[in-house]
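coordinates for the following, if possible.
(chains A and B)
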Amino acid sequence: MACIEARGLRKAFGTVTALNGVDLRVEEGRILGLIGPNGAGKTTLLNAILGLTPYQGELRVLGRDPWAERDQLMRDVCFIADVAVLPRWIRVSQALDYVAGVHPRFDRAKAEGFLAKTTIQRNSKVRELSKGMVTQLHLALVMAIDARLLVLDEPTLGLDILYRKQFYDSLLNDYFDRSRTIVVTTHQVEELEHVLTDVVFIDRGRIVFSRSMDEVESGYLEVVVHPEKVAAARALQPMHERQAIGCSIMLFDLKLNGINRQQLAGLGDPSTPSIADLFVAVLEHKPGDRSRQQQGAAQ
Amino acid sequence: MSTLAKAISDVPMVADISPMRRFYWSVRRELWENRYLYIAPLAVAALIVVGYGLGLVHLPDKLRAAAALDAMQQQERIEQPYTFAALLLMFTTLLVPMFYCLDALYGERRDRSVLFWKSLPVSDLTTVLAKASIPFVAIPLLTWVITVVTHFVMLLLAGVRLLGTGLSVSSHVSFGQMEWILFYHLVVGHGFWYAPFWGWLLLVSAWSRRAPYLWATLPLLAVGLVEKIAFNTSYFGGWLAYRFMGGPKDMPQGSNPMTMAHLALTPAQSLASPSFWFGLALAAAFLAAAVRLRRYQGPI
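Residues are numbered from 1 along each chain as shown, chains lettered A, B, ... in the order given. The predicted structure is shown next:
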């Protein structure tokens, strides 16, 4: 059974269309990165998946309709919607008591174990903790819940690099076990891409790219082209080209153009593109989107 | 952990948590967050006791002066500080839930913590009912307990002061009757008769995106104003006053509102009246709307 299945998902706020026909299928046991520019519809899509907002179209999460069956769904789904949503007045011990009191799948000993690895005091209030510690606390609470789907919306926004790295490390080492599914959005793709099994790009309320990381690795190649081979490389129709200190870097979609790796190896130094480069390439590749191309050129 | 408990916790399908337990924890969470709910009346009670203690110096003189009055007036006079203490505590615990209700569903959206609460398997209905139970049930009961203890301490202090004087306060104050009147007044009057007010404040709290205090009051004023301009009547305002004063029209003329007898009258009459039940229905409708709104509203 798919963990998340959406067909023709739509959502409009007044005249603004946030989701414009989203089709998405996420199998169980995957770690999906949902990447998109600001205002692309990421949070709206996650809110629909979590039953926080009504929508049009078809959506099943763990076989349930999230809007109609939200209360039951929340027993199997957990989310960190944003950094710093833990109430500031609550004490760490109260947060543990409360979650243990209301959540049937919460393992208090496990949460205590995660907290023991941090410097968080049991009788501190959330307002007394640093931003990084609040995130650690929230993660400890969430990881101690035996959920089938975990949704993370910008879980590390505003944290320093040490906490960010720690966050994904503990998520991967202490939580993920191939039977759970994780959906995560972030602006710091670089820190996340070694964690993901799947990646989806969303732009203007539509899914514009959806591949497994294996497909990305086998299907796309980035080449730092030797200056004398630039014309030959362009003839192979790269999906994107950018200039870096004195050379051209081109990104090729191997399947689309039927190119093989040997061909490209002769043109320069090939490597697997990063998600960030692929993202820029996919979003700028769309024809008739001049404003964004100019933006990209300016950058 | 015993081996049995360990074995149970290892079973992947965990037993579900009963709705009552979720409700219990939701109420506890309200008390953790809003400690003023009990600190404010406790502080007032402490002030009353201190004030009463200081005034004890003149107690024997007062009692001797009261001895000249007839039995009814004598009891009224001697009970007066006790009635006053009860009224002061009641006033406090009428004020406190107003602030509580207006913030209950607004504050969690403003500080975005609603996203945390909604990530847990607690329904909007449970949450709103838990919040409503504070002004409907918890505060009246708490006020009663605090008042009883305050009265008891006052009686005790008076007893100590009057040792060896041959005088007594407790023989004039019918402690048991007084507390039962208060219990009835608090539960029926503050909990149920005022229910539409609490419901309305909770609804405004769930609905407004800013300035809930204005939204709580201005629409009521507007309705009264429109009625006045359009029909030159003031039924709405009269009705509001009736709800708030607990039905002054039912009062016998000239009764002193500062006595226990008065407190006993108000709710006793309203419990039998249709408007009492209409108020409860209205409160239920407000709460249902608040539950629905909480489902749709996100952080602000």
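
show me what counts as buried in stretch A:7-24.
Buried residues in stretch A:7-24, defined by neighbour count with 16 or more other Cβ atoms under 10 Å in any protein chain shown: A:9, A:11, A:17, A:18, A:19, A:22, A:24. In this view, the C-beta of every residue, glycine as well, is placed from N, C-alpha and C.

that stretch spans what distance, first to last residue?
7 Å (Cα to Cα, to the nearest Å).

can you confirm residue A:75 is in a helix?
No - looking at residue A:75 with DSSP: H, G, I helix; E, B strand; the rest coil, it is coil, so not inside a helix.

what sits against it?
A:103, A:104, A:105, B:16, B:121 (Cβ atoms under 8 Å, 6 or more residues apart in numbering or on different chains).

for it, give me the pLDDT.
Per-residue confidence (pLDDT) for residue A:75: 92.

do residue B:170 as well
77.

which SS class is the nearest residue to it once chain neighbours are set aside?
With Cβ to Cβ, 6 or more residues apart in numbering or on different chains as the criterion, residue B:170 has its nearest non-adjacent residue at 5.6 Å, and that residue is residue B:155. Using three-state DSSP, the structure places residue B:155 in helix.

residue B:155 contacts residue B:173, doesn't it?
Yes - the pair residue B:155 / residue B:173 is scored as a contact, 6.9 Å apart, by Cβ atoms under 8 Å.

quick one on the thing from earlier: among the buried residues of stretch A:7-24, list the two that are farthest apart in space.
By the measure Cβ to Cβ, A:17 and A:24 form the most distant pair in the buried residues of stretch A:7-24, at 16.7 Å.

if we can go back for a sec, now which of the contacts of residue A:75 would you call buried?
Neighbour-count burial within the contacts of residue A:75 applies to A:103, A:104, A:105, B:121; the criterion is 16+ other Cβ under 10 Å.

what sits against the first one?
Residues touching residue A:103, when contacts are defined by Cβ under 8 Å, 6+ apart, comprise A:75, A:145, B:17, B:120, B:121.

can you do 10 Å?
A:74-75, A:78, A:141, A:144-147, B:14, B:17, B:22, B:25, B:119-122 (Cβ atoms under 10 Å, 6 or more residues apart in numbering or on different chains).

so residue A:272 touches residue A:215, yeah?
No - using Cβ atoms under 10 Å, residue A:272 makes no contact with residue A:215, being 11.5 Å away.

show me the longest helix that occurs in chain A.
What stands out as the longest helix in chain A, according to DSSP state H, is helix A:131-143.

which of the contacts of residue A:103 fall in helices?
Short answer: the contacts of residue A:103 in helices (DSSP H) are A:141, B:22, B:25.

which residues does the first one contact?
If you count contacts by Cβ under 10 Å, 6+ apart, residue A:141 has them with A:78, A:80, A:86, A:92, A:95-96, A:98-100, A:103, A:106, A:108, A:111, A:114-115, B:116, B:119-120.

measure the residue nearest to residue A:174 when sequence neighbours are not counted to chain B for me?
In this structure, residue A:174 finds its nearest non-sequential neighbour in residue A:143, 6.1 Å apart by Cβ to Cβ, 6+ apart. Residue A:143 is 13 Å from chain B, where distance means Cβ to the nearest Cβ, to the nearest Å.

that older thread, relative to residue A:174, which of the buried ones among the contacts of residue A:75 is nearest.
Of all those, residue A:105 has the smallest distance to residue A:174: 16.0 Å, by Cβ to Cβ.

so that closest one touches residue A:78, yeah?
Yes - contact criterion Cβ under 10 Å: residue A:105 and residue A:78 qualify, at 8.8 Å.

now the common contact residues for the two.
Between them, residue A:105 and residue A:78 share the contacting residues A:144, A:145, A:146, A:147, A:148, B:121, judged by Cβ under 10 Å, 6+ apart.

for stretch B:173-186, what does the pLDDT average out to?
Average pLDDT, stretch B:173-186: 86.

swap in stretch A:245-259?
For stretch A:245-259, the per-residue pLDDT averages 84.

which residues in the stretch 51-200 of chain B form helices?
Counting by DSSP state H, counting those that start in this stretch, the stretch 51-200 of chain B has helices at residues B:59-66, B:71-104, B:107-110, B:114-117, B:124-133, B:139-161, B:175-184, B:195-207.

check which residues of stretch A:53-68 are buried.
Under 16+ other Cβ under 10 Å, the buried positions of stretch A:53-68 are A:53, A:55, A:59, A:60, A:61, A:62, A:64, A:66, A:67.

quick one: low-confidence parts of chain B?
B:1-15, B:246-270 (pLDDT under 70).

could you give the mean pLDDT of the helix or strand hosting residue A:233?
Using DSSP states H and E, residue A:233 maps to helix A:230-235. Average pLDDT, helix A:230-235: 87.

send me that helix as CSV with only the CA atoms.
Taking Å, rounded to 0.1, in the frame of the first residue of the first chain, the C-alpha atoms of helix A:230-235 are listed here in CSV:
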residue,chain,number,x,y,z
VAL,A,230,31.9,23.6,-25.4
ALA,A,231,30.4,23.7,-28.9
ALA,A,232,30.3,19.9,-29.1
ALA,A,233,28.8,19.6,-25.7
ARG,A,234,26.0,22.2,-26.5
ALA,A,235,25.2,20.1,-29.6
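
which other helices and strands contact it?
Using 3 or more Cβ pairs under 10 Å, 6 or more residues apart in numbering or on different chains; DSSP states H and E, the elements in contact with helix A:230-235 are strand A:220-225, strand A:240-244, strand A:247-253, helix A:261-265.

interface residues of the stretch 151-300 of chain B facing chain A?
B:295, B:296, B:297, B:298, B:299 (Cβ under 10 Å from any Cβ of the partner chain).

low pLDDT regions in chain A?
Scanning chain A with the threshold set as pLDDT under 70 gives A:83, A:286-299.

okay, now the domains of it?
Under the assignment automatic domain parsing, the domains of chain A span A:2-204, A:215-298.

give me the neighbour count for residue B:75.
By other Cβ atoms under 10 Å in any protein chain shown, the residues close to residue B:75 number 18.

and the nearest residue to it once chain neighbours are set aside, how close does it get to chain A?
Nearest residue to residue B:75, sequence neighbours excluded (Cβ to Cβ, 6+ apart): residue B:172, at 5.5 Å. Applying Cβ to the nearest Cβ, the value for residue B:172 to chain A is 46 Å.

contacts only, for residue B:172.
By Cβ under 10 Å, 6+ apart, residue B:172 lies in contact with B:63, B:66, B:71, B:74, B:75, B:76, B:77, B:78, B:79.
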